[in-house]
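Student: Provided below are the primary sequence and the corresponding predicted coordinates.
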Amino acid sequence: MALIESISIPLGTTMPHFKLNDANGTSFDSDDLFIDSKGLLVAFTCNHCPYAIAVWPRLIDLAEHAQELDIATVAINPNINPDYSEDSAEKMAEKVDEWDMGLPYLVDQEQSTAKAFKAQCTPDIYLFDANQKLVYHGRIDDNWKDPSKVTKEELKEAINALAAGTDINPDQKPTMGCSIKWC
C-alpha cells in the first residue's frame, strides 16, 4: 500500500467525457448524468484500500445528500487489476448490495477514465458544476480515519454551495489514499 495524495488540478477544468458500465453491465454516459442535475460528484475508489473503505459510508451518505440537492454522484473503480481480486467487477457487485449503494459504481477496466481525470489515489474526489467545470477537488473531510473526530466537512460544504449557487471555498485540501493499481 503506497499512500499518496491527489494532485492539484485547476478549478474550472472541463470534465473528461466517459462511458462506463457498472458491474452488472449497465452503461452510464457522463453526459446523461448531468441531465436535470446541478452537477456531478465523481469519486475514484475501490473495495480494498483501507482509506477508501474508511470513507465509503460517508461517500454513500454524501451521495444521498447530493441527490436531494439535484447533484448526481458516481463512483468509479480504476483498480481492475489481476493482482487485486477484491476489486473485481464481481466483488464490486457484492459491495453494491452489501452497502446498499444508491449510486452507480462503475468499472474502469482500461483505466482510461482515471487517466483522463488524472486520478492518483483511492479515493480521489471531484465535483463538477452543471457546465461540467471542476469546482472542487479534494478530501471528504478532515479525518478520514475516525468520523467521530471530523470537525470540517469540506466536500459537503462544496456540495451545499454548488446547490445554492454560492461560492465554493477555493482552499481545497488534497485527498489521500492508496495509489491506483495501474496495469
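Tutor: That came through, no problem. Predicted model, so just to flag it, every value in this text is computed and none were measured.
Student: low pLDDT regions in the chain?
Tutor: Within the chain, the segments meeting pLDDT under 70 span 1.
Student: all strands for it, in order.
Tutor: 3-5, 19-22, 27-29, 39-44, 71-77, 105-107, 121-122, 124-129, 134-136, 176-179 (DSSP state E).
Student: need the winner for burial among those strands.
Tutor: The highest mean neighbour count among those, using mean count of other Cβ atoms under 10 Å, belongs to strand 121-122: a mean of 29. C-beta here means a position set from N, CA and C on the backbone, and glycine is covered the same way.
Student: what residues sit buried inside the longest helix belonging to the chain?
Tutor: Across the chain, the longest stretch assigned as helix under DSSP state H is helix 50-68. Residues of helix 50-68 classed as buried: 51-56, 58-60, 62-63, 65-66 (neighbour count, 16 or more other Cβ atoms under 10 Å).
Student: how many neighbours does D36 have?
Tutor: Neighbour count of D36, defined by other Cβ atoms under 10 Å: 7.
Student: show the contacting residues for it.
Tutor: For D36, the residues meeting the contact criterion (Cβ atoms under 8 Å, 6 or more residues apart in numbering) are D70.
Student: state the distance from it to I9.
Tutor: Distance of D36 to I9, computed by Cβ to Cβ, to the nearest Å: 26 Å.
Student: helices or strands up against the longest helix of the chain?
Tutor: Packing contacts for helix 50-68, counted by 3 or more Cβ pairs under 8 Å, 6 or more residues apart in numbering; DSSP states H and E, involve strand 39-44, strand 71-77, strand 121-122, helix 154-164, strand 176-179.
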